[in-house]
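Visitor: the following comprises the amino acid sequence and a computationally predicted model.
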Amino acid sequence: MPAKKTAPLKIGLFVGREWSWPPAFLEEVNRRTPETGVIAEYMKVGGTSMNEDVPYRVIVDRISHEVPYYRSYLKNAALQGVKVVNDPFMWTADDKFFGASLVTKLGLVSPRTVALPNKEYVPGIVHNESLRNLTYPMDWKALVNAVGGFPCVLKDAHGGGWKEVHIVHSMEELWYRYNTSGLLTMILQEFIKWDNYARCMCLAQKDVHIMRYDPNQRYYYPEHDFPQPLYERILADTLTINRAFGYDMNTCEFAIKDGVPYAIDFMNPAPDMDVNSLGKGHFDWMVTHMADNMIELAQSSAATRDGYTWGKQLKPRRGGSVARNPASANTGQAPARRTRKGT
C-alpha cells in the first residue's frame, strides 16, 4: 500500500491594507513547501464558536489591534494550541508606560516616563463621583520636572506608527495637546536629542536586523554606520526586550546620544514591512527571515498558551486540527542569529 500522505502544516495570515509584504511572504513560504511540508495562506473568518478547532499551526497577526473580532478569534486559536504571532494576550495588555518601566528594571537605558490620567472618559463617568481617586488639579510642573523639563514628548501610551506623538516646548503647548487627546491615555516622556537612530526588527526572539533610521524623515538607510561595540549593545538590548515581552515579530527603536542607545519605542507588534518605506534590501530580509522563522515555528511544538497558567492546566489534546511535532520541540532559548556581518 502507498504511504498515507501527511497533511501539510498551515500558516494563516491576518493582514489589513498592506499589499507588498503579504504576497511576497506567502510566495516565499509556499515555494519551499516541497521541502518543508508547510503552506501559508490568507485567513477567512466570520463568526467563531467556543473552542472551535483552528486549522492552522501558526497564525501571523498584523491587524487585530484595529479589528477587535480578530483579536477574539486569535485568543481562541491560542487556547486551541496555535502559535499566534504576536501573542494576543500580551499585545492586549501592553502599553508604553509599562514597557518603559520594564526595560529600565531589566537594566536598559530608557527615557524617563510619566503616565497621565485621561482627558476624556466614556459616557457614564461622572467626574465628581467616578473619579474620586484622582488628584485634581494635577501638579503639571512636577510631572514635567519628572521627565527632565521641556522639551518633552507627549504621546499615546497604546499608539504606533508615530501617531499622536508631540514634542512640546512649553506648558501652554503641553496643555493644548493634552486637551485634544480625547479618550487616549497619554504618557509624558523625556526628550532625547539624538545623534543617531536605530530601528531593529526582531523575529522569533533570535533573528535581529539592525537598521539606521531617521524618524523625522521616516527614512531607512540602506546600511548602518554603528561601530561594533554599539552594534553589539543594540543587538543585545533588542533581544532582551523581545524575550521579555514574548514578541516574535516586533521592532525596537533606539535614540543614540553620546554613544548610548536609549530604548525609546519597543511596542511595534505589527511593524512596518512595506517595500516602499524599507527599500528592497531591508524588505527582502523581512520576507526571507519571516518565512524562515514561521516555518520553524510551524514545525515545532511551540504554543502561545504554554506561557500562561491556564495553558499549563489544560490536558493534552488528542487529535484535533492543530498538529504538534514533539520531535522538533523547542529545547531552550535559541541563540541570536546574524545573517551577515554588521546588519
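Guide: Nice, I can see it.
Visitor: please name the residues that touch the most centrally placed residue in the chain.
Guide: The chain has Pro269 as the residue nearest its centroid, 1.9 Å off, counting by C-alpha atoms, centre = their mean. Residues in contact with Pro269 (C-beta atoms under 8 Å, 6 or more residues apart in numbering) are 61, 65, 86, 91, 94, 247, 249-250. C-beta coordinates here come from the backbone N, C-alpha and C atoms, glycine included.
Visitor: run the last query once more with 6 Å
Guide: 86, 91, 247, 250 (C-beta atoms under 6 Å, 6 or more residues apart in numbering).
Visitor: okay, now Gly148: neighbour count?
Guide: 14 (other C-beta atoms under 10 Å).
Visitor: for the contacts of Pro269, work out which two are farthest apart.
Guide: Farthest-apart pair in the contacts of Pro269 is Trp91 and Asn250; separation 9.7 Å (C-beta to C-beta).
Visitor: same drill for these two, tell me which one is more crowded.
Guide: Neighbour tally, Trp91 and Asn250, criterion other C-beta under 10 Å: the higher count belongs to Asn250, 24 against 21.
Visitor: is it true that that one lies in a helix?
Guide: No - counting by DSSP: H, G, I helix; E, B strand; the rest coil, Asn250 is not part of a helix but strand.
Visitor: the chain should start at 154 in everything you say after this.
Guide: Sure, I'll start counting at 154 from here, so that last one is Asn403.
Visitor: could I get the full set of helices for the stretch 304-453 of the chain?
Guide: 324-332, 381-398, 428-431, 433-452 (DSSP state H, counting those that start in this stretch).
Visitor: separation between Arg224 and Arg185?
Guide: Distance, Arg224 to Arg185, using C-beta to C-beta, to the nearest Å: 30 Å.
Visitor: neighbour count winner among those two?
Guide: Set side by side, Arg224 and Arg185 show more neighbours around Arg224, with 18 against 15, by other C-beta under 10 Å.
Visitor: SS state for the closest residue in space to that one that isn't next to it in sequence?
Guide: Residue nearest to Arg224 in three dimensions, not counting chain neighbours: Ser217, with 4.2 Å by C-beta to C-beta, 6 or more residues apart in numbering. Secondary structure for Ser217, judged by three-state DSSP, is coil.
Visitor: contacting residues for Ser217?
Guide: 223-224, 227.
Visitor: could you measure from the residue nearest to the centre of the chain over to Cys405?
Guide: In terms of C-beta to C-beta, Pro422 sits 11 Å off from Cys405.
Visitor: again, but for Leu327
Guide: If you go by C-beta to C-beta, the gap between Leu327 and Cys405 works out to 27 Å.
Visitor: quick one: which of those two has more around it?
Guide: Using other C-beta under 10 Å, the more surrounded residue of Leu327 and Cys405 is Cys405, with 30 against 21.
Visitor: got the confidence number for the residue nearest to the more buried one when sequence neighbours are not counted?
Guide: When the adjacent residues along the chain are set aside, Cys405 lies closest to Phe419, with 4.3 Å between them (C-beta to C-beta, 6+ apart). At Phe419, the model reports a pLDDT of 91.
Visitor: please report phi then psi for the residue nearest to the centre of the chain.
Guide: phi -70, psi -10 (degrees, to the nearest 10).
Visitor: Asp214 now?
Guide: Note on Asp214: its backbone torsions stand at phi -110, psi 120 [degrees, to the nearest 10].
Visitor: and Gly301, that's in a strand?
Guide: No - under three-state DSSP, Gly301 sits outside any strand and is assigned coil.
Visitor: distance check, it against Gly312.
Guide: 22 Å.
Visitor: ok so, going back, would you turn the helices of the stretch 304-453 of the chain into a markdown table with mean pLDDT and distance to Pro175?
Guide: Output for those, formatted as a markdown table (pLDDT from 0 to 100; distance: least, C-beta to C-beta, whole Å):
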| stretch | mean pLDDT | distance to Pro175 |
| --- | --- | --- |
| helix 324-332 | 98 | 35 |
| helix 381-398 | 98 | 22 |
| helix 428-431 | 97 | 11 |
| helix 433-452 | 98 | 10 |
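Visitor: tell me the confidence at Ala160?
Guide: Ala160 is given a pLDDT of 85.
Visitor: that one - that's part of a strand, no?
Guide: No - Ala160: not assigned to a strand; according to three-state DSSP it is coil.
Visitor: any idea how far Asp427 is from it?
Guide: Ala160 is 33 Å from Asp427, by C-beta to C-beta.
Visitor: picking up where we left off before, next, format the contacts of Pro422 as TSV and append distance to Leu259.
Guide: Converted to TSV, those look like this (distance: C-beta to C-beta, whole Å):
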residue	distance to Leu259
Asn239	19
Trp244	19
Tyr400	14
Asn403	15
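Visitor: His377: which of these is nearest?
Guide: Out of the contacts of Pro422, the member with the shortest distance to His377 (by C-beta to C-beta) is Asn403, at 18.6 Å.
Visitor: identify the residues contacting that closest one.
Guide: 355, 395, 421-422.
Visitor: what's the closest of the residues you listed to Gly260?
Guide: When those are compared against Gly260 (criterion: C-beta to C-beta), the nearest one is Asn395, at 15.3 Å.
Visitor: burial count for that closest one?
Guide: Asn395: 26 neighbours (other C-beta under 10 Å).
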